[in-house]
Structure formats: C-alpha cells, structure tokens
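> sequence unknown, structure follows:
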C-alpha cells in the first residue's frame, strides 16, 4: 500500500512540475540535466582536491617533516609492511594488530646503477661489478 501511495505522489508531483512546460524527455531538458550533473561533479572534485591538499592525514608520503612514508604493502588483514624514511635513512617496519616491529634498517649504498654513467661498455661494467662483489665476499670471511 505504501509503495502505491509513493508512486501516486511521484506521478502527481511529476505532472505538476512539468505542467505548462516542455516534455521531460526533450533534448533541451536532457542537456540541462547533463550540465547540472557536470557542475555538481566538478564542485565535488574541487572540494576533494582542496581537502586532500589542506588536510595532512590525507597526504601521507609527501610530508615535509623528518618522517616520510615511502610505501605501504598490505599482506593480510591488519598486517602490513611499511617502508619509512627518517633523516635520510630507510627502515622496513612490520605492522601488526597492536605492535610495530623493526624488520631491517636499510643503509643507502651506491651501486653501479646509481653512480654516474661513464663511457665503459657493458662487458667492462659487468666485470667491474663481479670483481667488486668478489672483493666484498672475500672481505667478509
């Protein structure tokens, strides 16, 4: 019964709203509806952009402070890995239900890929990397 009453009220309001005007299915009515939706969508995007820029809790990873969250990977519900940079040093943290564990402190290292390129060919670069790895391995013994 309630559904029938709602349908009757809707039909009466629709006929009274369009009384003396054009058909609700005309091309100009559809264009007005389309432009109205575009304006509302644009306002929503503008509010979202302002909120994201102004509110710091929505802006993780781009902070100007001493602590920066580089990446977060969710493993399971309530368990994730987080890579954090503090004063130039990176830390890998394990985040659990109610605990945070330090997994590793990652030291910055210069590899052949991060150093400035020179005019060596590929074979000499590979040989240099092999000898550096062997020297490092021999020094650890």
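Looks like it came in fine. Not measured: the values here are computed from a predicted model.

> how far away is the residue nearest to residue 87 when sequence neighbours are not counted from residue 85?
Sequence neighbours aside, residue 66 is the residue nearest to residue 87 in space, at 5.8 Å (criterion: CB to CB, 6 or more residues apart in numbering). Placement of C-beta: from N, CA and C, glycine included. From residue 66 across to residue 85, the span is 9 Å (CB to CB, to the nearest Å).

> okay, those two: which has more neighbours?
Taking neighbours as other CB atoms under 10 Å, residue 66 and residue 85 compare with residue 85 leading, 15 against 9.

> quick one: the more buried one and residue 65 touch, right?
No. The pair residue 85 and residue 65 does not pass the contact test of CB atoms under 8 Å, sitting 10.8 Å apart.

> List the contacts of the residue lying closest to residue 96 once chain neighbours are set aside.
Excluding its sequence neighbours, the residue lying closest to residue 96 (CB to CB, 6+ apart) is residue 79, at 5.8 Å. Contacts for residue 79 (CB atoms under 8 Å, 6 or more residues apart in numbering) come out as 94, 95, 96, 97.

> Quick one: buried ones out of these?
residue 95 (16 or more other CB atoms under 10 Å).
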